[in-house]
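> Need a 3D model of the following:
(2 chains)
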Amino acid sequence: EPEVTQTPSHQVTQMGQEVILRCVPISNHLYFYWYRQILGQKVEFLVSFYNNEISEKSEIFDDQFSVERPDGSNFTLKIRSTKLEDSAMYFCASSEKGPISGNTIYFGEGSWLTVV
Amino acid sequence: GQQVMQIPQYQHVQEGEDFTTYCNSSTTLSNIQWYKQRPGGHPVFLIQLVKSGEVKKQKRLTFQFGEAKKNSSLHITATQTTDVGTYFCAGRGGGTYKYIFGTGTRLKVLA
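Below is the predicted model of the structure:
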């Protein structure tokens, strides 16, 4: 079964450092998402991306965050200056169709970010 | 903003017993999805419900969407140890891409 792949699986970074989390969505999917999950808590929406632009973002996704699709396969989340509270599991996800059409969202295994 | 709550937060059942988790949204939803997350794992899509009052079954799992499209439930008949995990509902309001995940129900099945 096709899957969303994420790298790294775990990253430890110093507070204030920049982090880039990478994702390869499923190849024929057009809609891409980032979610995060703080340990033991619920999954939180960060951003959705379609047609090379952000289609929606949450209040969590402030100016410290950015997303990019630098080529035809990768989808990245950048955190410009990490804070302790950014420590979480970051999930990339993709779907073939958009939410209006009824989309099955496939999640990657996640990138665990620890800010120290 | 939209909030999605689930009850119970935790449930321990003996293998073979039934289990139900309830999901309630503060606003009317366009559709709702259910996910299962194993410990240490990632959310795995189970099903999507779109129509008011819709009921869908997947083997021992029964999903229901309320008539008012503000609540939903997942019922597992005769639980097995493989059912262990956290079950999340995720609701989407109209005119938005984002799914708001519920608080989750963590299921433990005792053999």
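> mind listing what the residue sitting nearest the centre point of chain B touches?
By Cα atoms, centre = their mean, the mean C-alpha position of chain B lies nearest to residue B:89, the distance being 4.0 Å. Residues in contact with residue B:89, defined by Cβ atoms under 8 Å, 6 or more residues apart in numbering or on different chains, are B:4, B:6, B:21, B:23, B:32, B:33, B:34, B:35, B:72, B:74, B:101, B:102. (C-beta placed from N, C-alpha, C; glycine too.)
> shouldn't the third one be in contact with residue B:88?
It refers to residue B:21. No: with contacts counted by Cβ atoms under 8 Å, residue B:21 stays clear of residue B:88, the gap being 9.1 Å.
> What parts of chain B come near chain A?
Within chain B, the positions adjacent to chain A are B:30-31, B:33, B:35, B:37, B:41-45, B:48, B:50, B:88, B:90, B:92, B:96-104 by Cβ under 8 Å from any Cβ of the partner chain.
> go again using 7 Å as the cut-off
Within chain B, the positions near chain A by Cβ under 7 Å from any Cβ of the partner chain are B:31, B:42-43, B:45, B:48, B:50, B:88, B:92, B:96-104.
> circling back to that earlier point, any chance of the contacts of residue B:89 in CSV, with secondary structure and neighbour count too?
Shown next, in CSV, are the contacts of residue B:89 (DSSP: H, G, I helix; E, B strand; the rest coil; neighbours: other Cβ atoms under 10 Å in any protein chain shown):
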residue, secondary structure, neighbour count
B:4, strand, 25
B:6, strand, 23
B:21, strand, 24
B:23, strand, 30
B:32, strand, 28
B:33, strand, 26
B:34, strand, 25
B:35, strand, 23
B:72, strand, 27
B:74, strand, 24
B:101, strand, 24
B:102, coil, 27
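> Which of the residues you listed sits closest to residue A:9?
residue B:35 (20.2 Å; Cβ to Cβ).
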